[in-house]
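Novice: return atomic coordinates for the entry below.
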Amino acid sequence: MSGWKETLKEEGLLEVGDFIIEVSIDSECPCKDGTLYPAVLIYDLKNEEIYYLDEPFEPVSNFKEALEQVFEWIERYKHGELPRMKRSPKKDAPKEVVQRFLEVIKSLE
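Specialist: Alright, predicted model coming up:
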């Protein structure tokens, strides 16, 4: 397992460039059936803002399964796919922030 994956697995956090990526699990609200999904927060240290990934994550049973999905998405970003970053449900992250995030993700080995 590569270094960045190991860091996320052990700490749930990864600092890369001007960003901190935090992975956790969250339940769909209202919490009817207890279904869990990966939740990814992205802290932009440069602009002091918080964003989240709004990808079509599948339900998970535990943190390990959440990490596996997040690893897959990060690999897709490393190959140029644009992340769906949001500031709120109706507000996307600024294009400049998405581009900076994509550039630092591409630097992961």
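Novice: was I right to think P38 contacts V60?
Specialist: Yes - P38 is within contact range of V60, at 6.2 Å (criterion: CB atoms under 8 Å). The C-beta positions use only the backbone N, C-alpha and C, and glycine is treated the same way.
Novice: pLDDT weak spots in the protein?
Specialist: The model of the chain has pLDDT under 70 over residues 1, 27-33.
Novice: longest helix in the chain, by residue count?
Specialist: helix 63-78 (DSSP state H).
Novice: residue contacts, the spatially most central residue of the chain?
Specialist: By CA atoms, centre = their mean, the chain has its centre lying nearest to V40, at 3.6 Å. Residues near V40 by CB atoms under 8 Å, 6 or more residues apart in numbering: 21-23, 52-53, 55, 70, 73.
Novice: ranges for the helices of this protein?
Specialist: So, for the chain - with DSSP H - the helices run 3-11, 63-78, 95-106.
Novice: look up phi and psi at P94.
Specialist: The phi/psi pair for P94 (degrees, to the nearest 10) reads phi -60, psi 140.
Novice: what's around G17, how many residues?
Specialist: G17 has 15 neighbours, counted by other CB atoms under 10 Å.
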